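S.K.: Below is the sequence, then the predicted model.
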Amino acid sequence: MSQFGTSDHQTYTVTGSQALGRPDGRVAIRLLTKELGYIAFEVDQRAIDHLRNDLTAAEQLLRQSGGNRRPG
């Protein structure tokens, strides 16, 4: 996992999310961000599994830091 201080990525504040399905079976996760508005990522089962694992890890980090703080 990259540290926040590195320049290899941008960090955005997620304020909402939605799962989207298409008639052809493709699926995306749409995120509402404070900085960019809506952005969407097409996902498959493997990507969902990775996201689920990373969200669990993020939740554990928040708990360790005593945080239910909202970003931004």
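M.R.: It's in. Bear in mind the structure is a predicted one, so any value in this text is a computation, not a measurement.

S.K.: Which residues are in contact with Leu36?
M.R.: Counting by C-beta atoms under 8 Å, 6 or more residues apart in numbering, Leu36 touches Tyr12. For glycine as for every other residue, the C-beta is placed from the backbone atoms N, C-alpha and C.

S.K.: From Leu20, how far out is it?
M.R.: 17 Å (C-beta to C-beta, to the nearest Å).

S.K.: Equivalent analysis for Asn53, please.
M.R.: 21 Å.

S.K.: again with Glu42
M.R.: To Leu20, Glu42 is 9 Å away according to C-beta to C-beta.

S.K.: Also Ile29?
M.R.: Here the criterion is C-beta to C-beta. By it, Ile29 lies 7 Å from Leu20.

S.K.: Neighbour count for the two, which is higher?
M.R.: A direct count of neighbours by other C-beta atoms under 10 Å for Ile29 and Leu20 places Ile29 higher, at 16 against 12.

S.K.: Could you pull up the contacting residues of the more buried one?
M.R.: Taking C-beta under 8 Å, 6+ apart as the test, what Ile29 contacts is Ser17, Gln18, Ala19, Leu20, Ala40, Phe41, Val43, Leu51.
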